[in-house]
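# Have a look; sequence and predicted model below, questions after that.
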Amino acid sequence: MHIRVLTIICLILAAQPGFAQQKKQDKSSSGYKDTKLPKKGTAFFMNANYDFGLIQEERGLAKARFYFKNIGAGAVSIRNIDVSCGCTATEWSTKLIGAGEESEILVIYDPKGRPGDFNKLVTVHFNNAEPDKIYLSIKGTVVSESEETVKAYPFVQGNMRLSTINPILKEIPENAADSFSVAVINTSGKRLSINGFKAPSHIQASSYHKLLLPGTATYVMVKYDAAKAKDIGERIDEVVISTDDDSVPLKRFIIKSTIVNDYKSLPAEVQNNPPKTVLPKIAHDFGVMYLGEKATYEFEVINKGKSDLIIKKAIGTCGCTITNVKEPIIIGKKKKGKIAVSFDSANLRGVQEKWLTIYTNDPAQPVFNLRIKAKVIIPGEDSLDK
């Protein structure tokens, strides 16, 4: 009996290690596995420091963009951004930035009322990133434009100032040329380049310097060739300066000119025997016209001079008035010619009075005006009285 009990106890003790191992295996298979942490990303900034250089206080907010790439394995996002003072603001996206993807942060500095040097810290807090915090910095110097600069270069276009944007050329002979210059200054804190010019074929523009360091100036030299313009009277031409200024890359100025007859270049025989313009009538009243109706009148022009009279150009006060002077009209000596004027009453109502300016080669009367008049009505609504 004792032997049987001892045998049973030994069997129980021998089975205990296996039993414990079995329990351990069951525990492992019942959800007690090791838990893996999520993969983290890493925000890599191409440049964490931005130097504005010189900032003109008058130009308002200065902006810097910081670009970064997630070079880690997991997706990251920006949780928050702290700035060191109220003069600095930021803009960013809260979207997830996956592995290998890029994003940017806009940092804005307000220079108003803050002359002198500045150096500001920006702290970027990330979600699921290692490290989870990155420091950015901006710096620069806020300056105010001097009274001398503002006076000498009163016209602002981006980060440049111009001495004029409306140069005027008065009475350029039709076969002559004229020239002038426009001063340009770089008022930014970085180098700017003048890359080229766009202008009509009769205008040539070039710059004395193509590269402008901060605070330096140059001249844009302009040559105006009236002979190539092949025109007479008043003109308006635009010149465009192409630059690498990211604020306003294209600078513009408008040239107002008046091209006049060049009598001195004519042969002596013509100068001594000029044409002579005689106008029997310089005004015409079409009377009452229905809205949308068209009418034409021919003004007679008599040349009582001793050389050809040339009607060079006709300009109306609006698109409703059209003439037959598409090309110069030549009226021989002691001959007559006609200037046809057509009036279109579309989109007009009531009493209408239009003027046409006519340019000729008559030295005594190089410019004269013709006038047309009409009362435009809607039948049944307006009076027929003139």
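Yep, it's here. Every value quoted in this text rests on a predicted model; they were computed, and no experiment measured them.
# Where does pLDDT dip in the stretch 151-300 of the chain?
Along the stretch 151-300 of the chain, segments meeting pLDDT under 70 are nowhere present.
# which residues of it fall in strands?
If you assign secondary structure with DSSP state E, counting those that start in this stretch, the strands in the stretch 151-300 of the chain sit at 155-157, 160-162, 168-173, 177-186, 192-198, 203-207, 211-212, 217-225, 233-243, 250-260, 277-278, 283-290, 294-303.
# Next, the angle from the third one to strand 233-243.
Between the direction of strand 168-173 and that of strand 233-243, the angle (axes from the mean of the first three to the mean of the last three C-alpha atoms, to 10 degrees) works out to 130 degrees.
# Neighbouring strands - and their directions - for strand 168-173?
Sheet pairing here is set by DSSP bridges, and for strand 168-173 it gives strand 250-260 (parallel).
# And the last one, by the same measure?
Sheet pairing of strand 294-303 (DSSP bridges) gives strand 277-278 (antiparallel), strand 336-344 (antiparallel).
# So which of those strands is nearest Val240?
For Val240, the closest of the strands paired with strand 294-303 is strand 336-344, at 34.0 Å, according to C-beta to C-beta. No exception for glycine: its C-beta is placed from N, CA and C like everyone else's.
# Name every strand pairing with the helix or strand following the closest one and say which way it goes.
Once strand 336-344 ends, the next helix or strand along the chain (criterion: DSSP states H and E) is strand 350-360. For strand 350-360, the paired strands and their directions (DSSP bridges) are strand 309-316 (antiparallel), strand 367-377 (antiparallel).
# Touching the shortest one from outside, list them.
By C-beta atoms under 8 Å, 6 or more residues apart in numbering, the residues outside strand 309-316 that reach it are 231-233, 275-277, 301, 303, 322-323, 325, 328-333, 337, 339, 354-362.
# hmm, back to that, mean neighbour count and distance to Ile378 added to the strands of the stretch 151-300 of the chain, as TSV?
Conversion of those to TSV gives the following (neighbours: other C-beta atoms under 10 Å; distance: least, C-beta to C-beta, whole Å):
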stretch	mean neighbour count	distance to Ile378
strand 155-157	17	47
strand 160-162	21	49
strand 168-173	14	43
strand 177-186	18	50
strand 192-198	17	46
strand 203-207	18	47
strand 211-212	18	60
strand 217-225	18	48
strand 233-243	17	36
strand 250-260	18	39
strand 277-278	18	39
strand 283-290	15	7
strand 294-303	16	16
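# can you give me phi and psi for the closest residue to Ala229 other than its chain neighbours?
On the basis of C-beta to C-beta, 6 or more residues apart in numbering, the spatially nearest residue to Ala229 that is not a chain neighbour turns out to be His202, at 4.2 Å. His202 adopts backbone torsions of phi -90, psi 0, taken as degrees, to the nearest 10.
# Show me what stretch 264-273 is in contact with.
For stretch 264-273, contacts defined as C-beta under 8 Å, 6+ apart pick out Pro173, Asn175, Tyr263, Gly305, Lys306, Ser307.
# and the residues you listed, which of them are in helices?
When DSSP state H defines the helices, the subset of the contacts of stretch 264-273 inside them is empty.
# Put the buried members of those into a PyMOL selection.
With 16 or more other C-beta atoms under 10 Å as the burial test, the buried ones among these are selected in PyMOL as follows:
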select buried, resi 173+305+307
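# Is it possible to get a markdown table of the contacts of stretch 264-273 that adds distance to Lys133?
Supplementary listing: these in a markdown table, determined by distance: C-beta to C-beta, whole Å:
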| residue | distance to Lys133 |
| --- | --- |
| Pro173 | 73 |
| Asn175 | 74 |
| Tyr263 | 81 |
| Gly305 | 90 |
| Lys306 | 93 |
| Ser307 | 89 |
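# Closest one of the contacts of stretch 264-273 to Ala64?
Taking C-beta to C-beta as the measure, Ala64 sits nearest to Pro173 out of the contacts of stretch 264-273, at 53.4 Å.
# hang on, the earlier thing: and Leu211, which of the strands paired with strand 294-303 is closest to it?
Nearest of the strands paired with strand 294-303 (C-beta to C-beta): strand 336-344, 53.0 Å.
# burial of Gly113, as a residue count?
8 (other C-beta atoms under 10 Å).
# cool, the one 10 residues further on as well?
Applying other C-beta under 10 Å, we find 13 residues neighbouring Thr123.
# Report the beta-bridge partners for it.
The partner residues for Thr123, given DSSP bridges, come to Asp82, Tyr135.
# Kindly report the same for Ile254.
Per DSSP bridges, residues listed as beta-bridge partners of Ile254: Glu238.
# got a list of what it touches?
With C-beta under 8 Å, 6+ apart, Ile254 has these contacts: Ile165, Asn166, Ile236, Asp237, Glu238, Val239.
# coming back round to it: turn the strands of the stretch 151-300 of the chain into CSV, including distance to Met46.
Converted to CSV, the strands of the stretch 151-300 of the chain look like this (distance: least, C-beta to C-beta, whole Å):
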stretch, distance to Met46
strand 155-157, 31
strand 160-162, 28
strand 168-173, 49
strand 177-186, 26
strand 192-198, 23
strand 203-207, 33
strand 211-212, 26
strand 217-225, 33
strand 233-243, 25
strand 250-260, 29
strand 277-278, 73
strand 283-290, 70
strand 294-303, 66
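# do you know which of the ones you listed lies nearest Val122?
Ranking the strands of the stretch 151-300 of the chain by proximity to Val122 (C-beta to C-beta) places strand 192-198 first, at 26.8 Å.
# Point out the other helices and strands that that closest one packs with.
Applying 3 or more C-beta pairs under 8 Å, 6 or more residues apart in numbering; DSSP states H and E, we find strand 192-198 packed against strand 203-207, strand 211-212, strand 217-225, strand 233-243.
# and if we set it to 6 Å?
Contacts defined by 3 or more C-beta pairs under 6 Å, 6 or more residues apart in numbering; DSSP states H and E place strand 192-198 against strand 233-243.
# What helices and strands are in contact with the strand it packs on?
For strand 233-243, the elements it packs on are strand 192-198, strand 250-260, judged by 3+ C-beta pairs under 6 Å, 6+ apart.
# want to try CSV for the ones you listed, with distance to Asp382 as columns?
Formatted as CSV, the entries for the helices and strands packed on strand 233-243 read as follows, by distance: least, C-beta to C-beta, whole Å:
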stretch, distance to Asp382
strand 192-198, 48
strand 250-260, 40
